[in-house]
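1. when you get a sec, could you give me coordinates for this:
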Amino acid sequence: MSSGSTLTLMLHCSGGTRVRALFFTVVWLCGIGTGVIENFLFLFLQNDLHGPKTLLGLSRFITCAAEIPMFWYAGTLTKRFGTFGVLAFACVCYFIRFVSYANLYNPWLVCLVEPLHGVTYAVMWNASTSYASDIAPSGLGSTTQGLLASVHWGFGMGSGMSISDSFE
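-> Numbers count the residues shown, from 1 in each chain. Here you go, the predicted model:
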């Protein structure tokens, strides 16, 4: 695919309609949330709240374990509430996660917050990849998925990590 074709795809997927632009903006914001959490949470737990390394491993286990049932039910949730309903719920869960982290006084309480990762990752990503597949031009499904991944994991997560560096 030429760079001209890639640019055309980006314009088609992100700017073709306001809804698509909103979709990619929300995916970018979710990527920022992921970047901040991945870059900052363990440092916060260990350095500021003096949490043990065992807690870091346990909290990672909980986040991963929360993905399993949420990936299982993500399709059903998306069909019932729609892509944008699920994305809105994921944004609410990010908000709850950040407010909860900001108010932690005992590092072990992070274990009560981490199951929300199942929504902020598994449900959000399932709805996002499904919608990206729906809006992809004929024959460019994989490229559209690559654009989606770039917006979330590249631009979004990179932005979030840059933002969280200013917290230190």
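2. so what's the residue most central in space within the chain closest to, chain neighbours aside?
-> Among the residues of the chain, the one closest to the centroid is residue 30, at 4.0 Å (Cα atoms, centre = their mean). Nearest-residue entry for residue 30: residue 124, 5.5 Å, with adjacent residues in sequence omitted and distances by Cβ to Cβ, 6 or more residues apart in numbering. Glycine gets a C-beta too; all of them are placed from N, C-alpha and C.
3. how near is the one you found to residue 52?
-> Distance of residue 124 to residue 52, given as Cβ to Cβ, to the nearest Å: 30 Å.
4. same question, residue 114
-> 16 Å.
5. which strands and helices sit next to the longest helix along the chain?
-> Looking across the chain with DSSP state H, the single longest helix is helix 53-102. On a contact count with 3 or more Cβ pairs under 8 Å, 6 or more residues apart in numbering; DSSP states H and E, helix 53-102 meets helix 18-43, helix 110-113, helix 117, helix 124-135.
6. helices or strands up against the second one?
-> Applying 3+ Cβ pairs under 8 Å, 6+ apart, one finds that helix 110-113 makes contact with helix 53-102.
7. angle of the helix it packs on against helix 124-135?
-> 70 degrees (axes from the mean of the first three to the mean of the last three Cα atoms, to 10 degrees).
8. of the helices and strands packed on helix 53-102, which approaches residue 82 most closely?
-> helix 124-135 (8.4 Å; Cβ to Cβ).
9. just list what that closest one packs against, helices and strands only.
-> helix 18-43, helix 53-102, helix 141-149.
10. ok, residues contacting it?
-> With Cβ atoms under 8 Å, 6 or more residues apart in numbering as the test, helix 124-135 has contacts from 13, 16, 20, 23, 27, 30, 71, 74-75, 77-78, 83, 86-87, 90, 141, 144-145, 147-148, 152.
11. so where's this structure uncertain?
-> The chain contains residues with pLDDT under 70 at 1-16, 167-168.
12. still on that earlier bit, and residue 114 and residue 52? Which one has more around it.
-> Applying other Cβ atoms under 10 Å to residue 114 and residue 52 shows that residue 114 carries more neighbours, namely 21 against 12.
13. please name the nearest non-neighbouring residue to that one.
-> residue 62 (4.2 Å).
14. appreciated, that's everything.
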